[in-house]
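> What follows is a predicted structure for the sequence shown.
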Amino acid sequence: VNGVVPVVEGRLYALTGVYELDGLVASHPRDARGFSTMNCYLLIDDHEALLINTGFSVHQNLVLGGLTELVGDRALSLAICRPEFCSMCNVRPIADAFDLKMIHQLNPVHPSRFQNFRPEFSGVGRLEGVDYGPLRNGMEIDIGRRIDVLLPMIRLLPTPWLFDHETRTLFTGDVFCWNWEAVADGPLAANGWLLGDPSLDECTVEHVGEALLGARYWWLAGADTRPLREWLDGTFARYEVDFVAPDHGAILGGACVDRHRRLLAEFLESTSGVLA
Amino acid sequence: VFAVAGERHTALIEGGITHDIEVIADHLDSLAGEIPAPRYVLPTHSEMGHSGGIGALLARYPEMTVHGDVTDLHLTFPEVRDRLHPAEVGDEFDLGGTKIVVVESVFRDLITTRWYYDTARRVLFPGDGFAFSHDHEDGACGLFAEEAPEVQISGNMTYFAEMAFHWTQFVDTEPFITRLNELIFDELDVSLVAPSHGLPIGDPTATMPKVADGLRSMSKRS
């Protein structure tokens, strides 16, 4: 069931759009079965709000409903962190329904030309006058509080991570997405896709490896992962992280943050090739 | 986007970027009567730049179906879910007089990427796989790579590595070069390479060494 999940009440919400793992999704290995989520994150401040990613078309009602419920009269901006459909599908319906302040995006092409791809919407609608700007490594987004933009060393496509200093949440795109459900109404879904109790966390290094190598991080096998591990260590040293918020699956909190950071680091070390 | 015309059907390689669909449709309209109507669209992968126009294409051509890497498209265009079909390496699409065969995507970003091969003309469609581009001020548009020596293939591939092939700096690209040469010269006897970005390669024997240099330059280790 899709949901609007308070990660930090009044400040950060996850809009969790569920989808089936059927071998036809780019986020997970082809042989993965069960259910995961496309997580859009809504950051709320006193006068502004920022939505990180807009979800798939099938999640349009969830996203529009969540925004209507939570944004109020705040100025809404979007951060489109991936050049993929999961990040872009609802840009057009959101623009039509809300007065967007800004779209932060990777592509330098105006959103009315690049993100207006759903055939059920004619013309360019209210995308026409939308202001847009870049998402660049090292920049900050100001929504009344500071959001850092960082380009991760571990990535497939140019997909920035964000860090919200107030809620101390690290938004990690397509990394840390290995926690999914075997059944639609499993324990993760029952907890709103929040995972903070290590006693309920059965994830292993082997599972992390299978999830990465079977999908977007197929190239890690035998790769020189030392720079990736150093970047990961440095990032978690630089930021005090209370929540890891990936695009897909469980949102990590509490002791699960460090546990999954270590699982990733351990896998990267185990798969590292020998430098030529 | 490439239109591959057979005697009975035309296949589009790639689904195009949204804002180019009208231009693509105009081009196809201008070819009406000369080539069969578009029957298939074969995206190499489900990134926006390669599949973004699929919804508009399917709305325009009611008989058209999509085959290839269709990951995420059922979540993006749910109203046409029954027209989306994954294709595996070895699958064929008979256009009449030629076939499009799905072949191994040797060099890719997304693991589900598909490459295609036109059997009659011996043309390889590698999507992003030969990712070199050129500046639009340099007059190279409409030329083959061999006709535009000012286009620095290796340098452009290094630039693309930052955009789409970040992973190459952590791996040895030599096995990819070896496999690419096997596919192009030994297995398919490719006469023309038609990448989705950059100039087509009309003389693979002459130009592949430059591509190999570009692949090597992407890697810190080789």
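Perfect, I can see it now. Numbering: from 1, shown residues only, chains lettered A, B, ... in the order given.
> rest of the way, CA atoms for contacts and neighbours
Fine.
> so A:Trp161 touches A:Pro152, yeah?
Yes - using Cα atoms under 8 Å as the test, A:Trp161 is close enough to A:Pro152 to be in contact (6.4 Å).
> More neighbours: the two, which one.
Remark: of A:Trp161 and A:Pro152, A:Trp161 carries more neighbours, 23 against 20, as counted by other Cα atoms under 10 Å in any protein chain shown.
> who in chain A is up against chain B?
Contact residues, chain A versus chain B (Cα under 8 Å from any Cα of the partner chain): A:24-26, A:56-58, A:83-86, A:89, A:113-119, A:155-158, A:215-216, A:218-219, A:222-225, A:275-276.
> give me that answer again for 7 Å
With the criterion set to Cα under 7 Å from any Cα of the partner chain, chain A comes near chain B through A:24-26, A:56-58, A:83-85, A:89, A:113-114, A:116-119, A:156-158, A:215-216, A:218-219, A:223-225, A:276.
> Separate out the buried members of those residues.
Among these, those classed as buried by 16 or more other Cα atoms under 10 Å in any protein chain shown are A:24-26, A:56-58, A:83-85, A:89, A:114, A:116-119, A:156-158, A:215-216, A:218-219, A:223-225.
> In strands, which of those appear?
Nothing among these maps onto strands, per DSSP state E.
> near chain A, which residues of chain B?
Contact residues, chain B versus chain A (Cα under 7 Å from any Cα): B:18-19, B:47-48, B:52-53, B:55-56, B:71-72, B:75-78, B:109-111, B:163-164, B:166-167, B:170-171, B:221.
> Please enumerate the strands of the chain.
The chain I'm using is chain A. Applying DSSP E to chain A gives strands spanning A:3-8, A:12-21, A:34-44, A:48-52, A:75-80, A:100-105, A:132-134, A:140-142, A:146-150, A:161-164, A:169-171, A:194-195, A:243-245, A:251-253.
> I was thinking of chain B, sorry if that wasn't clear
Secondary structure of chain B, counting by DSSP E: strands at B:2-5, B:10-13, B:38-42, B:65-68, B:84-86, B:92-94, B:99-103, B:115-118, B:123-125, B:192-193.
> the bottom helix or strand of chain B by mean pLDDT?
In chain B, the helix or strand scored least confidently by mean pLDDT, DSSP states H and E is helix B:153-163, which has a mean of 76.
> Sort out which residues of that one are buried, please.
By neighbour count, with 16+ other Cα under 10 Å as the criterion, the buried positions of helix B:153-163 are B:Ile153, B:Ser154, B:Gly155, B:Asn156, B:Met157, B:Thr158, B:Tyr159, B:Phe160, B:Ala161.
> Tell me which two in those residues are the farthest apart.
Taking Cα to Cα as the measure, those reach their widest spread between B:Ile153 and B:Ala161, a distance of 12.3 Å.
> Identify each buried residue in stretch A:144-158, please.
Of the residues in stretch A:144-158, those buried by neighbour count under the rule 16+ other Cα under 10 Å are A:Arg145, A:Ile147, A:Asp148, A:Val149, A:Leu150, A:Pro152, A:Met153, A:Ile154, A:Arg155, A:Leu156, A:Leu157, A:Pro158.
> Quick one: end-to-end distance for that stretch.
End-to-end distance for stretch A:144-158: 26 Å, by Cα to Cα, to the nearest Å.
> likewise stretch A:24-43?
Its start and end residues considered, stretch A:24-43 measures 30 Å (Cα to Cα).
> Could you give me the buried positions within it?
Under 16+ other Cα under 10 Å, the buried positions of stretch A:24-43 are A:24-30, A:32-33, A:35-43.
> can you check stretch B:45-52 too?
Taking 16+ other Cα under 10 Å as the neighbour-count basis, stretch B:45-52 is seen to contain the buried residues B:His45, B:Ser46, B:Glu47, B:Met48, B:Gly49, B:His50, B:Ser51, B:Gly52.
> which residues are in contact with that stretch?
A:83-85, A:117, B:14-18, B:43-44, B:69-71, B:112-114 (Cα atoms under 7 Å, 6 or more residues apart in numbering or on different chains).
> Can I get it in CSV, CA atoms only?
These are the backbone C-alpha positions of stretch B:45-52, laid out as CSV (Å, rounded to 0.1, in the frame of the first residue of the first chain):
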residue,chain,number,x,y,z
HIS,B,45,17.7,1.2,-22.6
SER,B,46,15.1,2.9,-20.4
GLU,B,47,16.9,6.2,-19.8
MET,B,48,14.9,9.3,-20.5
GLY,B,49,17.0,10.2,-23.6
HIS,B,50,16.4,6.9,-25.2
SER,B,51,12.8,6.0,-24.2
GLY,B,52,11.2,9.3,-23.4
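> Any idea how far that stretch is from the middle of the chain?
Relative to the centre of its chain, stretch B:45-52 is centred 11 Å away, using Cα atoms, centre = their mean, to the nearest Å.
> ditto for stretch A:201-209
Average the C-alpha atoms of stretch A:201-209, do the same for its chain, and the two points are 20 Å apart (Cα atoms, centre = their mean).
> before we move on, the earlier item: in helices, which of the contacts of stretch B:45-52 fall?
With DSSP state H as the criterion, helices contain A:Phe85 from among the contacts of stretch B:45-52.
> Return the residues in contact with B:Ile54.
The contact partners of B:Ile54, taken as Cα under 7 Å, 6+ apart, are B:Gly15.
> Over to B:Val190?
For B:Val190, the contact set (Cα under 7 Å, 6+ apart) comprises B:Arg122, B:Val123, B:Leu124, B:Ile184.
> Would you format the residues you listed as JSON lines with neighbour count and distance to B:Gly198 included?
Supplementary listing: the contacts of B:Val190 in JSON lines, determined by neighbours: other Cα atoms under 10 Å in any protein chain shown; distance: Cα to Cα, whole Å:
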{"residue": "B:Arg122", "neighbour count": "17", "distance to B:Gly198": "19"}
{"residue": "B:Val123", "neighbour count": "22", "distance to B:Gly198": "15"}
{"residue": "B:Leu124", "neighbour count": "27", "distance to B:Gly198": "14"}
{"residue": "B:Ile184", "neighbour count": "20", "distance to B:Gly198": "18"}
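> Which single one of the residues you listed is nearest to chain A?
The nearest member of these to chain A, counting by Cα to the nearest Cα, is B:Ile184 at 22.1 Å.
> Excluding covalently adjacent residues, which one is nearest to that closest one?
The spatial neighbour of B:Ile184 that comes closest, neighbours along the chain excluded (Cα to Cα, 6 or more residues apart in numbering or on different chains), is B:Val190 at 5.3 Å.
> Now do the phi/psi pair for the one you found.
The main-chain torsion angles of B:Val190 are listed as degrees, to the nearest 10 and equal phi -70, psi 130.
> give me the number of residues near the closest residue to B:Thr168 other than its chain neighbours?
Setting aside the residues directly before and after it, B:Thr168 is nearest to B:Ser219 in space (Cα to Cα, 6+ apart), at 5.3 Å. Applying the criterion other Cα under 10 Å, we find 20 residues in the vicinity of B:Ser219.
> This completes my enquiry, with thanks.
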